[in-house]
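Novice: what would the 3D arrangement of this be:
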Amino acid sequence: MNESLLRRIAPGHSAITPLCCIAFVVILATISSDIRVAAQDTEVAPPAEQDKPAEQDKPSEQKPAETKTDSGEADTATANKVDAGQDDLDEAAILRFDAKSSRDLEAVKRLLNLSIKKGLTGENLSFAKQMLASVLLQESQQMIGAIGQARGQQALLLRDNALQTLDRAIEQDPELVEALLLKARLHMLLPGGDKDAVYESTTRAIEILKDEPGERSAALLMRAMTYAPGQEAERLADLDEAIKSDPENIQALQARAAQRLRMQDVDAAMEDLENILAQDPTNQIVAQEAVNQLIELNRLDDAIALMTKALEAKPSEGLYRMRAILNRMALKEDEAMADFNKALALQPKDPISLLQRAEMSIGREDVKSAKDDLEAAIKIAPQVASSEQAIFVRCLIAIEEKRMADAINDMKELVSRDPSADYRQLQLANLYLQDDRPRLALEPMTIVIDRDPKNVNVLRLRADTFLSVGDHTKAIEDYERAIKASGDDADPVILSGILNNLAWVLATSPKDGVRNGKRSLELAEKAVELTEAKEAHILSTLAAAHAEVGNFEKAIEWSTKAVEQGTAEENEQLDQLKEELESYKESKPWREKQETEENAIPILSPDDLIDT
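Specialist: As a prediction, the model looks like this:
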């Protein structure tokens, strides 16, 4: 039987094509019949009576002719010999046509194994092995289909059995690409997979698929995922080849873009991302992942440019919303609002865009529009009322309307949903401070510092809070920690503020054990240097430090400069600056103890407000 015909009849698929099967059964039956008829036709019939030569006419030289006849019969018999396993192979081929259940496949497999055991040769043997491989592949597919319904060890057992079955299929037909790739996928997707097995299977598949660019591209992509850190060049080479084989392989383009971003080759990555979105402008998952990676690389402008190109190809509500968020991050408020408006023009009933526009409206002090959008979003999808974004918008509205207790309750709800979110803890702390509850603000600050002991900004914030409640000792501890954590590359603006506040408390605290004039003077001079002597309140601190060490002449000099600077900048503390100057003129150091009066009004939860 012709080898190409065998390939068509029993390709490496889970089932033989029905029309091919019918053709095969007819052809096989015809061939088998022809073989048997031929065998019968070649039997030597006894010669007719009239054909028998007379005995006296038999010359002795005719004996070689008899030998020749015997030899011809043997050759003909050998040529027409039927394989011992032929009948079983025929029956297996007929059963294979409708085989679907496990029992059917088992019967076909038994007949094929039996036919091979009895004896097949040449094309029959090749065909039997290919058919057996296709049966084993189909069995493995059934096992894999059952994995989704299995649990625990049963799922792992099914996976292992499927892999063993695929190995047997590949043993029967080493060029069965479907089995090679399915084996690779099983190892990639399930726990305990063997990357070496993935590499080996995909490499063999890639070699076989040299004339199938689409499938070869998929195999190259799969192999690219097997490389370990340090093998970026090999991964990129496979991805390049995958895209060369199939330029429309979006997954390969996406993987290469991600790899290029990891390698800081942003321009090349942008080309891939633009190509992806040109082919599929609505692929928001790819767009979102690309945007996230660009943001991590501080390439916000590139992310906006990518969204703009995608929108040029095909405008969509999701892409407008995504670009709006990026514009907000870039502090382009007008562009962001315009994009939210476009998103809602395309999809007026999108609660997500409504909530985000509501948040922007609050930033513009347009509380009415914010409330309208919040109410519209909840009306469209009532479940969003309990979403984090809706609660946050509600909190912001409460702040604008001076309903601080409501705002605090909303923020406490957000914190309770994710206590690990430091930014929420700090938002709660700031709300407590706005509502004159500094002692309550200390708790969320401390939670953040315990998790991040070198967070300079929060250390400074807690120090300022301790200072406001009169706990100078703890304030000094936090200021010193903040200075130490700042390091040599500290932001001059942030560092000057910390130095100034610490110098101030060391110079002006009414507690004798807290003050340290020498240290205060050292810190104040550095703060003045960092701000180029242009900040009135920092000049005031340097004056206080000089007064603390008894140098009132210098104190008057710097205090006078502080008053002049404060007057020029219309400083809200100008009256105090003048009072400090008068004190130094009287040779009196300045003493100050801040102690914010705690808001004593209880914060009632929504449950407490329910009238029972």
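
Novice: quick check: which helices or strands does whichever helix or strand residue 168 is part of pack against?
Specialist: In this structure, residue 168 sits in helix 152-172 according to DSSP states H and E. When contacts are defined as 3 or more Cβ pairs under 8 Å, 6 or more residues apart in numbering; DSSP states H and E, helix 152-172 packs onto helix 122-147, helix 177-189. Any C-beta I mention is one placed from the backbone N, CA and C, and that applies to glycine too.

Novice: make TSV from the ones you listed and add mean pLDDT and distance to residue 447 to it.
Specialist: Converted to TSV, the helices and strands packed on helix 152-172 look like this (pLDDT from 0 to 100; distance: least, Cβ to Cβ, whole Å):
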stretch	mean pLDDT	distance to residue 447
helix 122-147	88	43
helix 177-189	90	39
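
Novice: can the ones you listed go into a markdown table with extra columns for distance to residue 101 and mean neighbour count?
Specialist: Formatted as a markdown table, the helices and strands packed on helix 152-172 follow (distance: least, Cβ to Cβ, whole Å; neighbours: other Cβ atoms under 10 Å):
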| stretch | distance to residue 101 | mean neighbour count |
| --- | --- | --- |
| helix 122-147 | 9 | 21 |
| helix 177-189 | 20 | 22 |
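
Novice: and of the ones you listed, who's closest to residue 169?
Specialist: Residue 169 lies closest to helix 122-147 among the helices and strands packed on helix 152-172, at 3.7 Å (Cβ to Cβ).

Novice: need the helices and strands packed on helix 152-172 in JSON lines with distance to residue 375, can you?
Specialist: Shown next, in JSON lines, are those (distance: least, Cβ to Cβ, whole Å):
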{"stretch": "helix 122-147", "distance to residue 375": "47"}
{"stretch": "helix 177-189", "distance to residue 375": "45"}
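
Novice: of all those helices, which one is nearest residue 202?
Specialist: helix 177-189 (5.1 Å).

Novice: compute the inter-axis angle for that closest one and helix 122-147.
Specialist: 30 degrees (axes from the mean of the first three to the mean of the last three Cα atoms, to 10 degrees).

Novice: C-alpha coordinates for helix 177-189, PDB please?
Specialist: What follows is helix 177-189, C-alpha atoms only, in PDB (Å, rounded to 0.1, in the frame of the first residue of the first chain):
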ATOM      1  CA  VAL A 177       3.300  16.000  16.300                       C
ATOM      2  CA  GLU A 178       0.000  16.200  18.200                       C
ATOM      3  CA  ALA A 179       1.200  13.800  20.800                       C
ATOM      4  CA  LEU A 180       4.600  15.600  21.100                       C
ATOM      5  CA  LEU A 181       2.900  19.000  21.600                       C
ATOM      6  CA  LEU A 182       0.200  17.700  23.900                       C
ATOM      7  CA  LYS A 183       2.900  16.100  26.100                       C
ATOM      8  CA  ALA A 184       4.700  19.400  26.200                       C
ATOM      9  CA  ARG A 185       1.500  21.300  27.200                       C
ATOM     10  CA  LEU A 186       0.800  18.900  30.000                       C
ATOM     11  CA  HIS A 187       4.200  19.400  31.500                       C
ATOM     12  CA  MET A 188       3.900  23.200  31.100                       C
ATOM     13  CA  LEU A 189       0.500  23.700  32.600                       C
END
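
Novice: which residues outside it are in contact with it?
Specialist: With contact meaning Cβ atoms under 8 Å, 6 or more residues apart in numbering, helix 177-189 is reached by 12-14, 133, 136-137, 140-141, 144, 159, 162-163, 166-167, 169-170, 173, 193-195, 197-198, 201-202, 204-205, 208-209, 215, 218-219, 222, 225.

Novice: derive a ChimeraX selection command for the buried subset of the residues you listed.
Specialist: Command for ChimeraX that selects the buried part of those, burial taken from 16 or more other Cβ atoms under 10 Å:
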select :12,14,133,136,137,140,141,144,159,162,163,166,169,170,173,193,194,197,198,201,202,204,205,208,209,215,218,219,222,225
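
Novice: show me the contacts for residue 258.
Specialist: Residue 258 touches 269, 289, 293, counting by Cβ under 8 Å, 6+ apart.

Novice: I'd like these laid out as JSON lines, including neighbour count and secondary structure.
Specialist: As requested, the contacts of residue 258 are exported to JSON lines (neighbours: other Cβ atoms under 10 Å; DSSP: H, G, I helix; E, B strand; the rest coil):
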{"residue": "269", "neighbour count": "25", "secondary structure": "helix"}
{"residue": "289", "neighbour count": "16", "secondary structure": "helix"}
{"residue": "293", "neighbour count": "19", "secondary structure": "helix"}
